[in-house]
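In: what's the 3D shape of this:
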Amino acid sequence: MAQKKIQTQTPDFLIPESKNTWLEKRTEIKTTLENLLAQSVKSTEIPEAKIVFREKRENYFLEKFEFQNGENRTVMGYFLIPDNGKDKHPVIFYSHWHGGNYDLGKEEIFGTHHTPEIPAKAFLEKGYAIMAIDAYCFGERSGNGPNGKQETGSKEELSESKYQLWQGRSLWAMMLHDDHLALNYLFSRPEVDVNRVGATGISMGATHTWWIMALDERIKTGVAVACMTRYQELIKEQKIAAHGIYYFVPGMLQYFDTEAIISLIAPRPILFMTGDQDIGSPVSGIRKIDDKVNSIYKLYGSESNYKNLIYPGIGHEYTPDMWTNMLKWFENKL
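Out: Just a heads-up that it's a prediction; the model follows:
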């Protein structure tokens, strides 16, 4: 029996001539993506979340919650609700970064570890509620991997990745699975204006943002900072090591690169901001993505809903100008 030839060249992402042709292609891309993720993000289940505590802060209520993700793992998160007399609130789903800060996770929203201002304070002042969860291996989930509490950090992340591969899925798929369940819970909350939910984050949090938006059309808008990455450029520029093992989805480049995923977001508004010196996001790849995605938004007549800012001389960081643009984007689009 002849061996099947392994696909080593990623097919080019061709721009359809019409919106109707694109809509057919879009369905195909999304189905392929869900299959690559082992259907991890299709559940309609609303998890039975336990409120660990609820307390009144100066101008908001802080809830800590947890739920089981269906894989015998507990997901911990925060939900911050403005105390401004309103019954419904727009919400920011905030995804934390990686950076090897395994002890931080969702606590990122309460500090300026990677942002010019404190995310929780800034969003609450604008009237947004905020939800944030710990990803696998981070925050309160550190030490809860397959090798138990004696293993944390990058070693735990590697073991977790190996374990998930044995189960026929990637760690990234399971991170997105947890995001999806958290969003199911978020949309079930009576305090949430379901038509005004946005997503944002820096670095790994940025990647969460645009993948979530591609897969979950309930998210109305997003801002992704410092991680607009085309994977073929990571290979060409020998920058694969700029990203952790969690990041990789087996088989994806046999079908498409990230411009196909980001195009699934159209025509909903999204803002990308990345430095041209960010080694994890080669600028040549950003420009290739930009060209393709722009063309998809034009099919909808929604060019103003897609914005990609490249910052000259800036590396993997969140600048004050990026922060200002992020807040303005949500003010205008959410």
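
In: please, which helix or strand holds G205?
Out: helix 204-215 (DSSP states H and E).

In: show residues contacting that helix.
Out: 30, 33-34, 41, 93-99, 135, 175-176, 179-180, 183, 199-201, 219, 222-229, 244, 246-247, 261-262, 264-265, 268, 270, 272 (Cβ atoms under 8 Å, 6 or more residues apart in numbering). Placement of C-beta: from N, CA and C, glycine included.

In: now intersect those with the helices, please.
Out: K30, L33, E34, M175, L176, D179, H180, L183, I261, I262 (DSSP state H).

In: just to revisit the earlier point, just the mean pLDDT for the helix holding G205, thanks.
Out: Averaged across helix 204-215, pLDDT comes to 97.

In: what's around Y163, how many residues?
Out: Y163: 15 surrounding residues under other Cβ atoms under 10 Å.

In: same check on the one 5 residues further on?
Out: As a burial measure, the neighbour count of G168 was computed by other Cβ under 10 Å and equals 9.

In: nearest residue to it in space, please, no chain neighbours.
Out: The spatially closest residue to G168, leaving aside those adjacent along the chain, is A38, at 5.8 Å (Cβ to Cβ, 6 or more residues apart in numbering).

In: from I296, how far out is the one you found?
Out: 26 Å (Cβ to Cβ, to the nearest Å).

In: which of these two has more neighbours?
Out: Set side by side, A38 and I296 show more neighbours around I296, with 25 against 18, by other Cβ under 10 Å.

In: wouldn't the more buried one be in contact with S263 here?
Out: Yes. Look at I296 against S263 with Cβ atoms under 8 Å: they come within range, at 4.3 Å.

In: circling back to that earlier point, of the ones in helices among the contacts of helix 204-215, buried ones?
Out: Neighbour counting with 16 or more other Cβ atoms under 10 Å marks K30, L33, M175, L176, D179, H180, L183, I261, I262 as buried within the ones in helices among the contacts of helix 204-215.

In: tell me who's in contact with the fifth one.
Out: Going back to what we said before, that points to D179. By Cβ under 8 Å, 6+ apart, the contact list for D179 reads V41, F93, S95, I133, H208, I212.

In: could the residues you listed be laid out in CSV, adding neighbour count?
Out: Converted to CSV, the contacts of D179 look like this (neighbours: other Cβ atoms under 10 Å):
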residue, neighbour count
V41, 22
F93, 26
S95, 28
I133, 31
H208, 27
I212, 23
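
In: make CSV out of those residues and add distance to G70.
Out: Shown next, in CSV, are those (distance: Cβ to Cβ, whole Å):
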residue, distance to G70
V41, 12
F93, 20
S95, 20
I133, 15
H208, 19
I212, 18
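
In: look up the closest residue to Q150, ignoring the ones flanking it.
Out: Excluding the flanking residues, the one nearest Q150 by Cβ to Cβ, 6+ apart is G143, at 7.8 Å.

In: how about P119?
Out: That would be I109: by Cβ to Cβ, 6+ apart, it lies 4.5 Å from P119.
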